[in-house]
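S.K.: Okay, sequence plus prediction incoming.
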Amino acid sequence: MRLVLRVRRKGIVILPKDLREKLGISEGDELLVEAEKGKIVMYVLKPKVIDVDPKVVDEILRESRRIDEKRLEAY
């Protein structure tokens with residue numbers, strides 16, 4: 001899909017509805033924008049949802065704390 005967009009006051013660019021729908025962009029979503037050799041490249045940032053057992057996370061954090069405490073004792 002190729003589009004010509006107009007830069008409005010204060011640098012605002014409106015993404016047409018068809019483009020937003022095609023890319024799954026909704027109000028409030030974030031885009032990563034990079035400038036590359038005279039081009040503007042945008043990436044849709046969508047968080048990845050991972051189902052993690054809270055007990056596993058808690059154990060990892062406890063182990064990390066134990067390791068940090070041992071390092072501090074060495075000083």
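M.R.: Looks like it came in fine.
S.K.: contacting residues around the longest helix seen in the chain?
M.R.: For the chain, the longest helix by residue count, based on DSSP state H, is helix 54-74. Taking contacts as C-beta atoms under 8 Å, 6 or more residues apart in numbering, no residue outside helix 54-74 touches it. Where C-beta positions appear, they are placed from N, C-alpha and C, glycine not excepted.
S.K.: Check the offset of that helix from the chain's centre.
M.R.: Put simply, helix 54-74 sits 27 Å off its chain's centre (C-alpha atoms, centre = their mean, to the nearest Å).
S.K.: Can you tell me the closest non-neighbouring residue to the residue nearest the centre of the chain?
M.R.: The residue lying closest to the centre of the chain (C-alpha atoms, centre = their mean) is Leu45, at 4.1 Å. With C-beta to C-beta, 6 or more residues apart in numbering as the criterion, Leu45 has its nearest non-adjacent residue at 4.4 Å, and that residue is Glu30.
S.K.: The one you found: neighbour count?
M.R.: Glu30 has 11 neighbouring residues, counting by other C-beta atoms under 10 Å.
S.K.: how close does it get to Gly24?
M.R.: Plainly put, Glu30 is 13 Å away from Gly24 if you go by C-beta to C-beta, to the nearest Å.
S.K.: go on, Leu31?
M.R.: 12 Å.
S.K.: same deal with Lys55?
M.R.: 33 Å.
S.K.: hmm, back to that, find the residues that touch each one of Leu31 and Gly24.
M.R.: Common contacts of Leu31 and Gly24 (C-beta under 8 Å, 6+ apart): Val44.
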